[in-house]
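Chemist: Fold the following.
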Amino acid sequence: MRMSPPAPPGLPRRVAAELVGTAALVTVIVGSGLQAEALSEDVGVALLANSLASALGLGVLIVLLGPLSGGHLNPAVTLSEWWARRGEENAPGGREAAAYCAAQLLGAVSGALLAEAMFGRTPDTWSVSTQVRSDPHLLVGEAVATAGLVLLVVGLRRIGRLALAPVAVAAYIAAAIWFTSSGSFANPAASVGRALTDSFTGIAPGSLPGFVGAQLLGTLLGVALATVLYGGRSEPNGPRTRRTG
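Modeler: Have a look, this model is predicted:
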């Protein structure tokens, strides 16, 4: 007797997964940054520790929450999934995408404040970030970082290799933190959360519009590149190969 697959979780549970997951991700990013900054005066060592912790945490969260919500944890990923998969069966709709983005934003803010509290940065000593990141070359780096992430996620789905996402996305983020001038935030919600920590992982609130704009541009570029390279629809069994002979 063939058993039918379990019903997917309802929207409230999926939204809750995105909120909790994004909060945990930003807690990892900010918390590891605060810990690294406290333990080492060497910026390179601190960045290495922060990049490894962020990538590992992201991979674990995608494994854990992917079966519930897809493990987006990022409005750029949610918007790219909504647009790139429109018309497909079980594709996210506009209402779901909006709910995900709202949950991710709330989760990012909560995660940043939680990290600050864990490291004893109480309300009387807390302040928003003073890290100005508005130079044009940083915005180029952020657009590149986000485009690469979106290309990776959409491309994996298009070739039927989405099961590799936890490892592939974690590896990409670890690398992009180092090879992009911006440090690869590549996440509008996380960027807002990181504006609430005055540490080397932060971003000044005044720099947010430029960074978020670059991330949205990168999202469009990533989807466009995926369409050019892999076509317009997912192939559940991977790319077709032509038989010869």
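Chemist: so how far is stretch 118-137 from its chain's centroid?
Modeler: Averaging C-alpha coordinates over stretch 118-137 and over its chain gives two centres that are 20 Å apart (C-alpha atoms, centre = their mean, to the nearest Å).
Chemist: Ok, stretch 224-233 next?
Modeler: Centroid separation between stretch 224-233 and its chain, computed with C-alpha atoms, centre = their mean, is 20 Å.
Chemist: what does it rub up against?
Modeler: Around stretch 224-233, the neighbours that count as contacts under C-beta atoms under 8 Å, 6 or more residues apart in numbering are 84, 88, 147, 150-151, 154-155, 158-159. In this view, the C-beta of every residue, glycine as well, is placed from N, C-alpha and C.
Chemist: Report the distance from the helix ranked longest in the chain to the chain centre.
Modeler: Identified as the longest helix of the chain according to DSSP state H is helix 11-39. Its chain's C-alpha centre and that of helix 11-39 lie 11 Å apart, by C-alpha atoms, centre = their mean.
Chemist: and the contacts of stretch 224-233 as CSV, adding distance to G210, neighbour count and secondary structure?
Modeler: Rendered in CSV, the data for these read as follows (distance: C-beta to C-beta, whole Å; neighbours: other C-beta atoms under 10 Å; DSSP: H, G, I helix; E, B strand; the rest coil):
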residue, distance to G210, neighbour count, secondary structure
A84, 25, 24, helix
E88, 33, 12, coil
A147, 16, 24, helix
V150, 19, 29, helix
L151, 22, 23, helix
V154, 24, 27, helix
G155, 27, 19, helix
R158, 30, 22, helix
I159, 33, 19, coil
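Chemist: what's the closest of the residues you listed to Y172?
Modeler: Ranking the contacts of stretch 224-233 by separation from Y172, with C-beta to C-beta as the measure, puts L151 on top at 9.5 Å.
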